[in-house]
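**Q** Let's see this in three dimensions:
(chains A, B, C and D)
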2 protein chains.
Amino acid sequence: MNEAVVLTSERILEVTEDVLRRYGLAKATVVDVARALDVSHGSVYRHFPSKASLREAVARRWLERVSAPLAQIAAEPGPAPAKLERWLRELFGAKQKRVCEDPEMFATYLTLAREACSVVKAHKQHLIAQVEGMIAEGVAQGTFHVTDPKTAAAAIFDATRSFHHPAHADEWGECTCQARVDAVLTLLLRGLQAR
Amino acid sequence: MNEAVVLTSERILEVTEDVLRRYGLAKATVVDVARALDVSHGSVYRHFPSKASLREAVARRWLERVSAPLAQIAAEPGPAPAKLERWLRELFGAKQKRVCEDPEMFATYLTLAREACSVVKAHKQHLIAQVEGMIAEGVAQGTFHVTDPKTAAAAIFDATRSFHHPAHADEWGECTCQARVDAVLTLLLRGLQAR
DNA sequence: GCGCTGACAGATATTGAAATCTGTCAGCGC
DNA sequence: GCGCTGACAGATTTCAATATCTGTCAGCGC
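**A** Numbers count the residues shown, from 1 in each chain, chains lettered A, B, ... in the order given. Got it, this is the predicted structure:
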């Protein structure tokens, strides 16, 4: 069935995600992945030096799928406050959609992310840099008044953790959550715009 | 050794904390607590209906030790912005001190708190009510401009989670943490004071 | 009477032997 | 030559027997 298809890292990653979804994080083994690919498990080790690096690559893929649409928003023209708000709401929405649609897979990715903390750190830095860009734009446009866009970006990220950090995912389904997002965003945007 | 001392709930709680500190959460049993008290474990069940309720009582005690000094600050007179900032810094400081001085015991309390989530919920409500009071004072004093102090208080609590929620405790030791606290507090206080 | 004890049943945790998995590599076949 | 296989050693996980713990309660002793 797979005879005509060459074994690429990309294909291994796709199948690994399938296997993780099917067997769960605890039960999924490299042997399972190899079996699903119809190769020996030695072949998988030809593309990834260890099980940990395979898991890390899966985590990286997942985080990239989160950050791609955000980069697009950050790159758009327009007034900074509205753009920043849209960017943040897109971030919260992306996370909340994932946990809502497939909580088990979300838990799996969360554990993968915990293991691959350097990948997560880079992802966070990447996101904060995007926020910094939008804040700097706002300062240039005269709508934001902050001394240091880098510090302010980190503060925005810290102050919105309740809505994007997976440790708080169990609250995202509550009916009060939307109102809480609104309240925090109002406060933060007022803080950025205040002279 | 304990012959002259009557067996009270309070004494059981004290000894339970000792046992938790000595044996760790996973290994501490009701039998261990009874042994440390020099009574049979049946006597412990005379004061607490179950092991879970004993653990819950320990968690409650711990949370009360956190909130007591905060209530004092909230009750003091003075301008609202400075008081709110002091209150928040005291909250962060209390948590950070605990995790720094005895990380193992902090982990123990964290797990106890996870188990006794209704106790934690009440604690949170209690703290948010104090913030609400300070914000309402600020509005009365003409320094804060918010439509609903209750909503704003919840927002302040959400926006500062990075610094008081135990899920983020591993970052509290970082040298950048103080600067991050300053940045978030600046932003939030500006947001509350902005017209 | 009242509070404590200690034996008990059922639930939970521990342990060590057996099974499975990870990571390596010599050698096969295209 | 190059990529894959499959057997292997050591690490990890599973499973079932065993031990310990939780929660109850009849009865003892003050």
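
**Q** Look up phi and psi at the closest residue to residue A:156 other than its chain neighbours.
**A** Distances taken as C-beta to C-beta, 6 or more residues apart in numbering or on different chains put residue A:131 closest to residue A:156, at 5.5 Å, once the chain neighbours are dropped. Using the backbone N, CA and C atoms, a C-beta is placed for each residue, glycine as well. Main-chain dihedrals, residue A:131, degrees, to the nearest 10: phi -60, psi -40.

**Q** For chain A, what lies in contact range of chain B?
**A** Residues of chain A lying close to chain B by C-beta under 8 Å from any C-beta of the partner chain are A:151-152, A:154-156, A:158-163, A:165, A:167-168, A:179-180, A:183-184, A:186-194.

**Q** quick one, strands of chain A?
**A** Assigned by DSSP state E, chain A shows no strands.

**Q** in it, which segments are predicted with low confidence?
**A** A:1-5 (pLDDT under 70).

**Q** Contact residues of it facing DNA strand C?
**A** Within chain A, the positions adjacent to DNA strand C are A:29-32, A:41-42, A:45, A:49-52 by C-beta under 7 Å from any atom of the strand.

**Q** Just the buried residues of the residues you listed.
**A** For the residues of chain A next to DNA strand C, a neighbour count by 16 or more other C-beta atoms under 10 Å in any protein chain shown gives the buried set as A:30, A:32, A:51.

**Q** Now do the helices in chain A.
**A** For chain A, the helices defined by DSSP state H cover A:9-23, A:30-37, A:41-47, A:51-75, A:80-101, A:103-115, A:117-141, A:149-159, A:161-164, A:177-193.

**Q** mind putting those helices in CSV, distance to residue B:75 included?
**A** CSV is the format used below for the helices of chain A (distance: least, C-beta to C-beta, whole Å):
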stretch, distance to residue B:75
helix A:9-23, 52
helix A:30-37, 60
helix A:41-47, 63
helix A:51-75, 44
helix A:80-101, 35
helix A:103-115, 40
helix A:117-141, 37
helix A:149-159, 27
helix A:161-164, 27
helix A:177-193, 25
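
**Q** which one of those helices lies closest to residue B:16?
**A** helix A:103-115 (30.8 Å; C-beta to C-beta).

**Q** residues of that closest one that come out buried?
**A** Across helix A:103-115, burial judged by 16+ other C-beta under 10 Å covers A:105-106, A:108-110, A:112-113.

**Q** Convert the C-alpha atoms of that helix to PDB, please.
**A** Provided in PDB are the C-alpha atoms of helix A:103-115 (Å, rounded to 0.1, in the frame of the first residue of the first chain):
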ATOM      1  CA  PRO A 103      -9.400  17.700  24.400                       C
ATOM      2  CA  GLU A 104      -7.400  14.500  24.400                       C
ATOM      3  CA  MET A 105      -5.200  15.600  21.600                       C
ATOM      4  CA  PHE A 106      -4.800  18.900  23.300                       C
ATOM      5  CA  ALA A 107      -3.600  17.100  26.400                       C
ATOM      6  CA  THR A 108      -1.200  15.100  24.300                       C
ATOM      7  CA  TYR A 109       0.300  18.300  22.700                       C
ATOM      8  CA  LEU A 110       0.500  19.900  26.100                       C
ATOM      9  CA  THR A 111       2.700  17.100  27.400                       C
ATOM     10  CA  LEU A 112       4.800  17.100  24.200                       C
ATOM     11  CA  ALA A 113       5.300  20.800  24.700                       C
ATOM     12  CA  ARG A 114       6.300  20.400  28.300                       C
ATOM     13  CA  GLU A 115       9.000  17.900  27.200                       C
END
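
**Q** Whether it contacts DNA strand D - can you check?
**A** No - interface with DNA strand D: helix A:103-115 contributes nothing (C-beta under 7 Å from any atom of the strand), its closest point being 12.2 Å away.

**Q** relative to helix A:51-75, how tilted is that helix?
**A** 100 degrees (axes from the mean of the first three to the mean of the last three C-alpha atoms, to 10 degrees).

**Q** Which elements pack onto helix A:103-115?
**A** Counting contacts by 3 or more C-beta pairs under 8 Å, 6 or more residues apart in numbering or on different chains; DSSP states H and E, helix A:103-115 is packed against helix A:9-23, helix A:51-75, helix A:80-101.
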